[in-house]
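Peer 1: The amino acid sequence is not available; the structure is as follows:
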Ligand code: ME8
């Protein structure tokens, strides 16, 4: 039975270049959350997609001698493109929206018109410092040494006819929102940033149309204007459900969104502009916006324009998708920035996945085979004399859930690995190889093996959102399946039948030779 709906989104990505591991980070986090909620029995809608309009794409396409649509089609649908990357990373999105989809464009035009007709959008002129070669307006503070920050050339004062959204009207309403709904925006540090940097000084009206490029959704009642970025991009969260279009009919079912995951630099758009637009449209607001941190490389934000990007395809190819997924969510607290390095990745795989989890599974399965031929004897189950491990495993699901509900993926995983470490210690303390030498100790030995298998089972259930393929491999080795792999079954110790049969399988995470691997990676990432 469904526990209700859960609507979660990633930002829609610019298909201007190949995506890097920073983009993968947010999508993997969203995927883990979506899988977690599905496992719990929620009817999940997980949306991701691409944000395809704008001057940058138009220019890149022109430089390549193709149309903007051909350009984005290739980056999205072409070999090694965005869709391939999400498939590789095992992303379980329910819907994929492209802002060039006809139904989305139609909705955007309808939204724009509605806001214009009710006077939330008005025609004015965009005034500022203009760089002619870059066709960009800049504010005084954005200039570098008084010149264009992009190309370094002179700027001059200019005016351009444009439409504006009356964002200034919403300053107090957004402040009230943060007051009334203190968990609307998390982590809390981002709220302070919004209040101090943008709301306290007062919001300016927002330019929402342009006439200097054509690659965008046309304003249907004023040819020459195209809808400028944010109305087009932000509204994807609604149009993908069928808002003001006939493609889908899910607005009532899934809106308001439960959470929008976004990178910290676009929090302002999601926590100020988006709620203001929704207020203007008379729509309920999302329950939460979560602004995650950046993956840094050598201390700077990983980004294609800087040229310091790491390719997730290379890493997933060498260490497996699950290892990469695990690393991303285990290594960095979701709300803060984190410094990526190949050393960190390999260390994490070796310590947690190969030594801790992998060893626990292979030792346990090997001992169950060696001492009992693979099937535990029901008539001989005794007491191991230690209930600390089973108590920990029993409490694990609720501790894990408490962290997952806060989007504290790192802590949720830490909870699981505290239990796997304890289980490894339990093996050393129980010394099954000593028990096995004494016939009278067989009931105790059987209990030790059962406790280990049960502990592994509960951990593997809770790891499913993070490492779906690994959990399946573990289930198959420890003789779990069907009802013993469900969320419900992880609530209590003892779901596996007492005469469970294990099966030898491959090592789930082979140990990596750090020095050798670092050399190979350096070569491949050149
Ligand atoms: O911002 N670390 O698209 P985008 C972590 N189209 N996250 C990173 C990152 C890094 N190094 N680099 C990028 C856009 N991201 C808009 C969104 S939503 C209505 C429109 C994250 O392709 C970034 O923070 O530039 C953002 O959340 C997402 O990737 C998409 O970035």
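Peer 2: Here it is on my side, so go on. As the structure is a prediction and not an experimental result, all values here were calculated from the model.
Peer 1: Could you use CA atoms for every contact and neighbour count after this?
Peer 2: Fine.
Peer 1: So residue 237 sits against residue 9, correct?
Peer 2: Yes: with contact defined as C-alpha atoms under 8 Å, residue 237 reaches residue 9; the gap is 7.4 Å.
Peer 1: what sits in contact with each of those two?
Peer 2: residue 47 (C-alpha atoms under 8 Å, 6 or more residues apart in numbering).
Peer 1: Residue 387 - how many residues pack around it?
Peer 2: 11 (other C-alpha atoms under 10 Å).
Peer 1: May I have the predicted confidence score for it?
Peer 2: Listed pLDDT for residue 387 reads 89.
Peer 1: Tell me how far it lies from residue 493.
Peer 2: Distance of residue 387 to residue 493, given as C-alpha to C-alpha, to the nearest Å: 11 Å.
Peer 1: again with residue 233
Peer 2: 47 Å.
Peer 1: Residue 94 now?
Peer 2: 33 Å.
Peer 1: Which single residue of the stretch 101-250 of the chain approaches the ligand most closely?
Peer 2: Scanning the stretch 101-250 of the chain for the residue nearest the ligand gives residue 234, at 4.0 Å (criterion: C-alpha to the nearest ligand atom).
Peer 1: what about residue 512, which SS state?
Peer 2: coil (DSSP: H, G, I helix; E, B strand; the rest coil).
Peer 1: Return the per-residue confidence for the closest residue to it other than its chain neighbours.
Peer 2: Nearest residue to residue 512 in three dimensions, chain neighbours excluded: residue 350, at 6.4 Å (C-alpha to C-alpha, 6 or more residues apart in numbering). We have a pLDDT of 98 for residue 350.
Peer 1: With residue 362 instead?
Peer 2: Reported pLDDT for residue 362: 98.
Peer 1: Same question for residue 384.
Peer 2: 81.
Peer 1: My guess is it contacts residue 450. True?
Peer 2: No: counting by C-alpha under 8 Å, residue 384 does not reach residue 450; the two are 9.5 Å apart.
Peer 1: what's the nearest residue to residue 324 if we skip its chain neighbours?
Peer 2: That would be residue 316: by C-alpha to C-alpha, 6+ apart, it lies 6.1 Å from residue 324.
Peer 1: Also residue 186?
Peer 2: residue 290 (4.9 Å).
Peer 1: Show me what the one you found is bridged to.
Peer 2: Counting by DSSP bridges, residue 290 forms beta bridges with residue 186, residue 261.
Peer 1: State the number of residues packed around residue 200.
Peer 2: 12.
Peer 1: Same question for residue 87.
Peer 2: 11.
Peer 1: Where does it sit, in terms of helix or strand?
Peer 2: Using DSSP states H and E, residue 87 maps to helix 82-88.
Peer 1: hmm, who's touching that helix?
Peer 2: 15, 18-19, 75-77, 313, 321.
Peer 1: can you pull the buried residues of stretch 2-12?
Peer 2: 5-12 (16 or more other C-alpha atoms under 10 Å).
Peer 1: could these be laid out in CSV, adding secondary structure?
Peer 2: Compiled in CSV, the buried residues of stretch 2-12 are given as follows (three-state DSSP):
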residue, secondary structure
5, strand
6, strand
7, strand
8, strand
9, strand
10, strand
11, strand
12, strand
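Peer 1: thought the residue nearest to residue 186 was touching residue 262?
Peer 2: Yes: shown here, residue 290 and residue 262 form a contact pair, counting by C-alpha under 8 Å, at 6.2 Å.
Peer 1: Now stretch 180-193: buried residues?
Peer 2: 183-187, 190-191.
Peer 1: and if you look at stretch 267-281?
Peer 2: Buried-residue list, stretch 267-281, by 16+ other C-alpha under 10 Å: 267-268, 270-277, 280.
Peer 1: Closest to the ligand out of the residues you listed?
Peer 2: Nearest member of these to the ligand, counting by C-alpha to the nearest ligand atom, is residue 270, at 7.5 Å.
Peer 1: Contacts only, for the nearest residue to the closest one once chain neighbours are set aside.
Peer 2: Nearest residue to residue 270 in three dimensions, chain neighbours excluded: residue 289, at 6.9 Å (C-alpha to C-alpha, 6+ apart). Applying C-alpha under 8 Å, 6+ apart, we find residue 289 in contact with 184-186, 259-262, 267, 270-271.
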